[in-house]
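A.B. asks: Got a predicted structure plus its sequence, pasted below:
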Amino acid sequence: MFRITKGIHIHFAHHVRGHRGACISLHGHTWKLEVTLAAADLDAEGFVVDFAVINREVLKPAHLLLDHALAIGEATWGETRAELAALGTKLVDSRKETMGDRGELQAHLTEPLGGARNELPGDMKVAVFPFAPTSETLAKWLYDVAVQKLSDGRVQVVNARVFEALRPVETYAEYAP
């Protein structure tokens, strides 16, 4: 069995709804998202899957969704969208002081990815998930996206990992069926 793993680093903040500890506050990490694929046989080019395909189909769209965004769940979005729009407007308006205008919108997804989507309240980038975005739930989400985009009769998704921290030690959640 051949196995390959490809990952990407993404900077984003999140809120863990109902958390009994510090993660109730908005906070961010430098995350690493990683997918492992396997196949008993290689394709005609000698690959399980070309790394460029994993990047194009799974990792780059995940990066576009999450990069410099606030990741929240649907319930939190429903309760805070008006407040986030007011906050986003104030934050983005601060560009007028340095740039003279509000500048351009951040790069974002225009279509949903695995049930997650971008919203732009007040032009601030928010990634809305159908669940509270913990490392564990994001690992399952990433796995499901990879299965949808890359699995076929020859290739299977082995697991997905979501790293919340890489230093001083790695801290990650993994999902595998």
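C.D. replies: Nice, I can see it. Numbers count the residues shown, from 1 in each chain.
A.B. asks: Wait, residue 81 touches residue 119, no?
C.D. replies: Yes. Under the criterion of Cβ atoms under 8 Å, residue 81 makes contact with residue 119 at 7.4 Å. For the C-beta atoms, the positions are set from N, CA and C on the backbone; glycine is no exception.
A.B. asks: Please identify which of the two sits among more neighbours.
C.D. replies: Neighbour count, other Cβ atoms under 10 Å: between residue 81 and residue 119, residue 119 has more, with 18 against 15.
A.B. asks: and the more buried one, how far is that from residue 159?
C.D. replies: According to Cβ to Cβ, to the nearest Å, residue 119 stands 29 Å off from residue 159.
A.B. asks: can you check residue 87 too?
C.D. replies: 36 Å.
A.B. asks: of these two, who's got more company?
C.D. replies: residue 159 (19 against 15).
A.B. asks: Show me what counts as buried in the biggest helix by length in the chain.
C.D. replies: With secondary structure taken from DSSP state H, the chain has its longest helix at helix 74-93. By 16 or more other Cβ atoms under 10 Å, the buried positions in helix 74-93 come out as 74, 76, 77, 80, 84, 85, 88, 92.
A.B. asks: Serialize those residues to TSV and add fields for distance to residue 67.
C.D. replies: Conversion of those to TSV gives the following (distance: Cβ to Cβ, whole Å):
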residue	distance to residue 67
74	20
76	20
77	18
80	21
84	18
85	21
88	16
92	16
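A.B. asks: Could you check the pLDDT of residue 167?
C.D. replies: For residue 167, the pLDDT comes out at 86.
A.B. asks: And for it, the neighbour number?
C.D. replies: With other Cβ under 10 Å as criterion, residue 167 counts 7.
A.B. asks: Repeat that for residue 40.
C.D. replies: Neighbours around residue 40, by other Cβ under 10 Å: 10.
A.B. asks: CA atoms only: put the longest helix of the chain into CSV for me.
C.D. replies: Taking C-alpha atoms only, helix 74-93 is exported to CSV below (Å, rounded to 0.1, in the frame of the first residue of the first chain):
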residue,chain,number,x,y,z
GLU,A,74,-23.9,28.2,12.4
ALA,A,75,-25.6,28.8,15.8
THR,A,76,-23.1,31.5,16.8
TRP,A,77,-23.4,33.1,13.3
GLY,A,78,-27.2,33.2,13.7
GLU,A,79,-27.0,35.0,17.0
THR,A,80,-24.2,37.4,16.2
ARG,A,81,-24.4,38.4,12.6
ALA,A,82,-25.6,41.9,13.2
GLU,A,83,-22.9,42.5,15.8
LEU,A,84,-20.3,41.0,13.6
ALA,A,85,-21.4,43.3,10.7
ALA,A,86,-21.1,46.4,13.0
LEU,A,87,-17.6,45.2,14.2
GLY,A,88,-16.5,44.3,10.7
THR,A,89,-17.5,47.7,9.4
LYS,A,90,-15.5,49.5,12.1
LEU,A,91,-12.5,47.3,11.6
VAL,A,92,-12.4,47.6,7.8
ASP,A,93,-13.2,51.3,8.0
